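Trainee: The following block contains a protein sequence and its predicted model.
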Amino acid sequence: MPAPQLMVANCPTCGKVFQKNVRNQCMGCSTNIHQLLSATLDFLRRNYRASLEQVSASTGVSELQLQVWIKEGKIMLRDYPNLSYPCASCSAPIRENKCCTSCAMRLTREIKRLNEQVPASAVKQSTNQPAMEPQGKSRGFQIGDRWKHS
């Protein structure tokens, strides 16, 4: 019988070797981050109109860590009207999604433009297989329909 292996890794925060767990951090860093999050949430309860910069300056938590907590859902933006995080494309402050409205519209236009440039023959080649249509209107798709098209 083979010996059981310990699943170990280096802590991404401090570099110490630790036995892998759900948090993917050593116990010391996990405890430290939990304390920082608690202190941050306490500060936000007392100063719910604080901005991200004010929270960072008052608690000593980096803005990047605050953004991670926002994205993980540990800090809920609906409770704090002046908190936001940067757009993934232009870094404008946003409160939902990954991109601001203007960047999302720009990306949508670009995708449509690229899709229009795809030659029609390439689209026909990819959709050359016959569509499987169910027999009868009320039956829906039946597994037997798949065998008839093979």
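Mentor: Here it is on my side, so go on.

Trainee: Let's see the pLDDT reported for the residue nearest the centre of the chain.
Mentor: Central residue of the chain (Cα atoms, centre = their mean): Lys71, 6.9 Å from the mean position. pLDDT for Lys71: 90.

Trainee: What count of nearby residues applies to the residue lying closest to it once chain neighbours are set aside?
Mentor: Excluding the flanking residues, the one nearest Lys71 by Cβ to Cβ, 6 or more residues apart in numbering is Tyr85, at 7.1 Å. Bear in mind the C-beta positions are built from the backbone N, C-alpha and C, glycine included. Residues near Tyr85, counting by other Cβ atoms under 10 Å, number 22.

Trainee: Only C-alpha atoms, please: export the lengthiest helix in the chain in CSV.
Mentor: The residue-count maximum for a helix in the chain (DSSP state H) belongs to helix 27-46. C-alpha atoms of helix 27-46 as CSV (Å, rounded to 0.1, in the frame of the first residue of the first chain):
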residue,chain,number,x,y,z
MET,A,27,-3.2,29.6,8.3
GLY,A,28,-1.3,32.8,9.3
CYS,A,29,-2.1,34.7,6.1
SER,A,30,-5.7,33.5,6.1
THR,A,31,-6.1,34.7,9.7
ASN,A,32,-4.5,38.0,8.8
ILE,A,33,-6.7,38.6,5.7
HIS,A,34,-9.8,37.7,7.8
GLN,A,35,-8.8,40.3,10.4
LEU,A,36,-8.2,42.9,7.7
LEU,A,37,-11.6,42.2,6.1
SER,A,38,-13.3,42.4,9.5
ALA,A,39,-11.6,45.8,10.2
THR,A,40,-12.6,47.0,6.7
LEU,A,41,-16.2,46.0,7.1
ASP,A,42,-16.3,47.7,10.6
PHE,A,43,-14.9,50.9,9.0
LEU,A,44,-17.4,50.8,6.2
ARG,A,45,-20.3,50.3,8.7
ARG,A,46,-19.3,53.5,10.4
